[in-house]
Each structure stands twice: as structure tokens, then as C-alpha cells.
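Enquirer: Fold the following and give me the result.
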Amino acid sequence: MVSQEQRKRQLAREKFLRQQQRRTSARRKARMRNSVIASVLGVVVIGSVALYTTGVLKNDDDKTNASADVTPSASAPSKAPDPCEKAAAGSVKKLSWKKEPAVTIDTSAKYTMKLATTCGDIDVALKASAAPHTVNSFNFLAGQGYFDHTKCHRLTTNGIYVLQCGDPTGTGSGGPGYTIPDENLKDSSLKGNVYPAGTVAMANTGQKHTGGSQFFLVYADSQLPPSYAPFGTVDAAGLKVLKKIATAGENTGAGDGAPNATVVINKATVTKS
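Expert: Residues are numbered from 1 along each chain as shown. Down below sits the predicted model:
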């Protein structure tokens, strides 16, 4: 006998899968359209890969995480007060690269990523030895200011509990122009297809090796297929920030949409210790 809660989680995962399939199709169409525009105007348009999982990540990514396949309620949900501060002055950089940067990190060293957000700092201990390509990419992108002033565009509060970030366009379809390989999918923390609270993982298109820059932060244990590369862990203070964001809810009232909290990454830095 399947319990009501198990059925609820199953439906949530199926919904996320449908979302990803639609997003993947939309991205393909967008890339074709952009290619035509580029040939006419002589402008180089670099398509990027989005993330989100099974729907979050199948890649909106995702997180994980990005337009939600959700039917809004008949009346607009009441919006909780925004618990976050005003974003720092500045604008998102429009950056893109044709290929993944060469791996230059020291895989025997410890790396930490700090996300200085409008809602509070989120420190992530990165898994350099287990996910060298992923950590190296984040080290590179953060050093280029790629994440600075970007919004975390998606929050899920039903079935899967994640905040998705890393898309400069804020639409769930943006990326750095290159993809990185899946890594660390057999991490010891992933037991019973559960990504535990505090996990930071890559969103993707639902296909292998399609991670870009979008990632999701898990604020409560979430059952997902082990297809999203876990590359870091949020500390206790950062998890508290994530839960504050989650408490404010998302804008559809259906458990999957843009966060009501104005979550902006003012500055992202990666440091070696």
C-alpha cells in the first residue's frame, strides 16, 4: 500500500520530470532561433545549458531550477513579507565561453565558496577531490564575477526542497556557454536517493554531462534520482539562511516558482585554504 505522502512525493517527481522535458524542448527551439538571428545580424549568440532536476534539477533548474509546469491557483496567493535586504549596486555581467576552463585547482586542498546574498551569507565547503571539474568551474566563474548580482530564480516547497541559483538571465535557461561532466554521483551522503539538507548540487537538462552554471541548494531532505552532481555542503549558518528564504514561500502558491524573498547573490567568491 502506497502512503499518501509517498504518492505525493511520486507526483512531485513526475511533475518535475515533465517540466524538464518541456524546458529541454524550449531550449532547443531557442537555440535554433538564436542561431538564425546570429546568421542575419552577424552576432554571435552562445546557447547555454540550463539546469533543474527531475525536474529541479532536471535542471530549473532545479533549480533543480526553470518556467514552472504549475497551474496557478484561481486567486493569487498572499505574499509573505520579504525577509531580505536590498541588493547591492551593480549589474549582471554578460559572459560566455566556448569551452570548459582547464582544471587548475589543487584537488588536495580545501576550497570554500561564499555566496554573499541579500538574505545573508551562505558558505559552501566544496568537494574538490570528488568533483574537480565542477569545483574548478565554480572557482573560474566566481573569479570572473559571473555570479555577482544574479538572482536565485527558483524555489520548490513541495516534494523537493531546494533553492536554485546560478543563471545570470534569471529565467532558468542561462549558462556559461560550456558544459561540465557529471561527477561524484555515488557520494556517500546520497543514501536511498535522498539529497540531504545542506547539499549543493548541479542542475542539468536531464541528459548526462549537461551541467553548466546553475546549481541548487537543498534546505530539507529531498528524494531525487542520483543524477545531479553533489559538489558542496552548506554550513549550519547558511542552512539557516536557506530556511528563512523557504519560509517566505514562492510566488505561485503551488510549491514551485520564484522565491518571494528577493534572493540576489551580491558577490560570490571561492577561496583556497
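Enquirer: Every contact and neighbour count from this point should use C-alpha atoms.
Expert: OK.
Enquirer: Convert the host helix or strand of Lys244 to PDB, retaining C-alpha atoms only.
Expert: Lys244 belongs to helix 236-247 when elements are defined using DSSP states H and E. Output of helix 236-247 as PDB, limited to C-alpha atoms (Å, rounded to 0.1, in the frame of the first residue of the first chain):
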ATOM      1  CA  ALA A 236      24.800  25.500   9.700                       C
ATOM      2  CA  ALA A 237      24.600  29.300   9.300                       C
ATOM      3  CA  GLY A 238      24.000  29.000   5.600                       C
ATOM      4  CA  LEU A 239      21.300  26.400   6.100                       C
ATOM      5  CA  LYS A 240      19.500  28.800   8.400                       C
ATOM      6  CA  VAL A 241      19.500  31.500   5.700                       C
ATOM      7  CA  LEU A 242      18.100  28.900   3.200                       C
ATOM      8  CA  LYS A 243      15.300  28.100   5.600                       C
ATOM      9  CA  LYS A 244      14.500  31.800   6.100                       C
ATOM     10  CA  ILE A 245      14.100  32.100   2.300                       C
ATOM     11  CA  ALA A 246      12.000  29.000   2.100                       C
ATOM     12  CA  THR A 247       9.700  30.200   4.900                       C
END
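Enquirer: Now do the buried residues in that helix.
Expert: With burial defined by 16 or more other Cα atoms under 10 Å, the residues of helix 236-247 counted as buried are Gly238, Leu239, Lys240, Val241, Leu242, Lys243, Lys244, Ile245, Ala246, Thr247.
Enquirer: Please name the strands paired to the helix or strand that comes right after it in the sheet, noting orientation.
Expert: Sequence-wise, the next helix or strand downstream of helix 236-247 (DSSP H and E) is strand 256-257. Pairing partners of strand 256-257, with direction, according to DSSP bridges: strand 154-156 (antiparallel).
Enquirer: hang on, the earlier thing: what average pLDDT does the helix holding Lys244 get?
Expert: Mean pLDDT, helix 236-247: 98.
Enquirer: gap between it and the chain center?
Expert: 16 Å (Cα atoms, centre = their mean, to the nearest Å).
Enquirer: re the thing from before, same list (the buried residues of helix 236-247) but as CSV, adding distance to Pro81.
Expert: As requested, the buried residues of helix 236-247 are exported to CSV (distance: Cα to Cα, whole Å):
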residue, distance to Pro81
Gly238, 20
Leu239, 20
Lys240, 17
Val241, 15
Leu242, 15
Lys243, 14
Lys244, 11
Ile245, 11
Ala246, 12
Thr247, 10
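Enquirer: How many neighbouring residues does the closest residue in space to Val218 that isn't next to it in sequence have?
Expert: Leaving aside its sequence neighbours, Val218 sits nearest to Val162 (Cα to Cα, 6 or more residues apart in numbering; 4.4 Å). Residues within reach of Val162, counting by other Cα atoms under 10 Å, total 34.
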